[in-house]
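Trainee: pasting the sequence and the predicted model now:
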Amino acid sequence: MSDALYVRRIRGLVDQPWCEWCEFYHKPCPAYDVDHDIWDEILRYLGMADLARLQLASAHFGLIVAEKTSRDCESLLSAFGLSDGAVTVDEEFDASGLGIMASLEYHSSIIVGMAPLRILYPQLPMPKRLDIFCSWGNREMAYVLEARGYRRKAVITHKFNIADSMGYRFFGENVQDVILMEKEVQDAGVKEVLLVGCKGHVSPVSLLTESPCTLLMNFITGDGFYSLYPRLTADAVGLFNIPYHEPTLVLPRIPIIETLRAAGFKVYKSVEEGYPNHRCTSWSSCPLAIRSFPSPADFAIEFNLVGGNRRAEATTIGEVFWRLKCGWSCGGLRTRYYSGFHSGTWTGAIVQGLSHGIS
């Protein structure tokens, strides 16, 4: 864009009235005057595709979506006795003084599992356990939870026990340890939080791509809500993400997959079952596609739009490259030798479930 065109566009914006709520210049619109409680109710019935369109319609609508999603996340945390209060940082930094969302951001940790999916599908029941993937170990987040009344119930270090605690036997190779914490929450009974500490070379988003289903590849962090496979998630569809070295192609019993199916989601063994004519490797939801985060293929609702949010200075969760473990299930290239991997850098790619090199 030329400097002259840029100046004309900025002047055009400034000629519009200033909106105190979204802090942007735009024309008045009757829809903007609708009470926010009514907008909250409307947004409950919008799917991901409609939310994405609404975000792009204007900065004001983008803020409406961000405000609603941020409140939903705080409501979720409140159900676990982890409401995000005012952020206060003393001269000597104390993580317990930060709100829980700010602590997630500061410690580069993400909320995963069924909880993020419930943000998109509020008809789902409240999960019984909150799962958090933590960067570089999970000790700091454990201190944050202890400051909010949680106590350590178990510390799990053996990889087979880690896999059992996470409910999926292919987890464990890239997990340092797991801390199970619990707390008696008023009017909600005993609540549990599972803190999963990633090994030093693995980021939380990298570990998330090892999940047994793409429906579980959504996450909440201190600065937003993200979905790695928005097209599939919007269709209430997931791909079963298992490595090819299974001795048979009989799908293993995974409790969380059964929970998803009982809730009405479709979980396909092969992408061909639901999307037989997709463009192999070039379609972002193809299991053979090499993906990256962040990228335009992701769905994101960023909370930094929300006024009044005070965040700690964050270490980033980092860029990730990956290919799913279930690439063998795509019939597009008729091959079984495309292995899954994830990495923050190409040179450090970790093969998922296979011992040979990356194809």
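Mentor: Thanks, I have it.
Trainee: now the helices for the stretch 1-150 of the chain?
Mentor: Ranges of helices in the stretch 1-150 of the chain, per DSSP state H, counting those that start in this stretch, are 3-14, 36-43, 48-57, 59-79, 100-106, 114-120, 139-146.
Trainee: most tightly surrounded among those?
Mentor: The highest mean neighbour count among the helices of the stretch 1-150 of the chain, using mean count of other Cβ atoms under 10 Å, belongs to helix 100-106: a mean of 25. Bear in mind the C-beta positions are built from the backbone N, C-alpha and C, glycine included.
Trainee: list the contacts of the residue lying closest to residue 171 once chain neighbours are set aside.
Mentor: In space, and not counting its chain neighbours, residue 171 is closest to residue 163: 5.1 Å by Cβ to Cβ, 6 or more residues apart in numbering. For residue 163, the contact set (Cβ atoms under 8 Å, 6 or more residues apart in numbering) comprises 169, 170, 171, 172.
Trainee: list the contacts of the third one.
Mentor: In other words, residue 171. 162, 163, 207, 210.
Trainee: measure it to residue 272 for me?
Mentor: 26 Å (Cβ to Cβ, to the nearest Å).
Trainee: related to what we said a few turns ago, in helices, which of the contacts of residue 171 appear?
Mentor: Counting by DSSP state H, the part of those found in helices is 162, 163, 207.
Trainee: tell me which of these is nearest to residue 61?
Mentor: Proximity of these to residue 61 (Cβ to Cβ) peaks at residue 207, which lies at 33.4 Å.
Trainee: is it true that the closest one touches residue 176?
Mentor: No - counting by Cβ atoms under 8 Å, residue 207 stays clear of residue 176, with 10.5 Å between them.
Trainee: buried residues in stretch 288-298, which are they?
Mentor: Residues of stretch 288-298 classed as buried by neighbour count (16 or more other Cβ atoms under 10 Å): 288, 289, 291, 293, 297.
Trainee: give me every residue that touches the second one.
Mentor: By Cβ under 8 Å, 6+ apart, the contact list for residue 289 reads 281, 282, 283, 323.
Trainee: now, which of those residues sits nearest residue 152?
Mentor: residue 323 (35.9 Å).
Trainee: what's the local residue count around that closest one?
Mentor: Neighbour count of residue 323, defined by other Cβ atoms under 10 Å: 24.
Trainee: just grab the bridge partners of it for me.
Mentor: residue 341 (DSSP bridges).
Trainee: ok, now residue 238?
Mentor: Going by DSSP bridges, residue 238 forms beta bridges with residue 267.
Trainee: sorry, back to before: give me the common contacts of residue 207 and residue 176.
Mentor: residue 198.
Trainee: how far away is the residue most central in space within the chain from residue 184?
Mentor: With distances taken as Cα atoms, centre = their mean, residue 219 lies nearest the centre of the chain, 1.3 Å away. Computed as Cβ to Cβ, the residue 219 to residue 184 distance reads 27 Å.
Trainee: also residue 318?
Mentor: Applying Cβ to Cβ to residue 318 and residue 184 gives a distance of 36 Å.
Trainee: so for the two, which sits in the more crowded spot?
Mentor: Between residue 318 and residue 184, counted using other Cβ under 10 Å, the more crowded position is residue 318 (15 against 12).
Trainee: where does the more buried one fall, secondary structure wise?
Mentor: Residue 318 is part of no helix or strand, with elements assigned from DSSP states H and E.
Trainee: give me the phi and psi for it.
Mentor: phi 90, psi 160 (degrees, to the nearest 10).
Trainee: so it makes contact with residue 205?
Mentor: Yes - with contact defined as Cβ under 8 Å, residue 318 reaches residue 205; the gap is 7.3 Å.
Trainee: that older thread, out of the contacts of residue 289, which comes closest to residue 157?
Mentor: Nearest to residue 157 among the contacts of residue 289 is residue 323, at 29.0 Å by Cβ to Cβ.
Trainee: surely the closest one touches residue 284?
Mentor: No - using Cβ under 8 Å as the test, residue 323 is too far from residue 284 to be in contact (11.8 Å).
Trainee: spit out the residues that contact these two alike.
Mentor: The contact sets of residue 323 and residue 284 overlap at residue 291 (Cβ under 8 Å, 6+ apart).
Trainee: and the strands in the stretch 151-300 of the chain?
Mentor: For the stretch 151-300 of the chain, strands defined by DSSP state E, counting those that start in this stretch occupy the ranges 151-156, 175-185, 189-198, 218-221, 224-227, 237-239, 266-268, 291-293, 299-302.
Trainee: residue 62: which of the ones you listed is closest?
Mentor: With Cβ to Cβ, the closest approach to residue 62 among the strands of the stretch 151-300 of the chain belongs to strand 299-302: 8.6 Å.
Trainee: that closest one - what's its average pLDDT?
Mentor: Here strand 299-302 scores 90 as its mean pLDDT.
Trainee: go on, stretch 242-251?
Mentor: What stretch 242-251 shows for mean pLDDT is 59.
Trainee: same thing with stretch 25-34?
Mentor: Across stretch 25-34, pLDDT averages out at 81.
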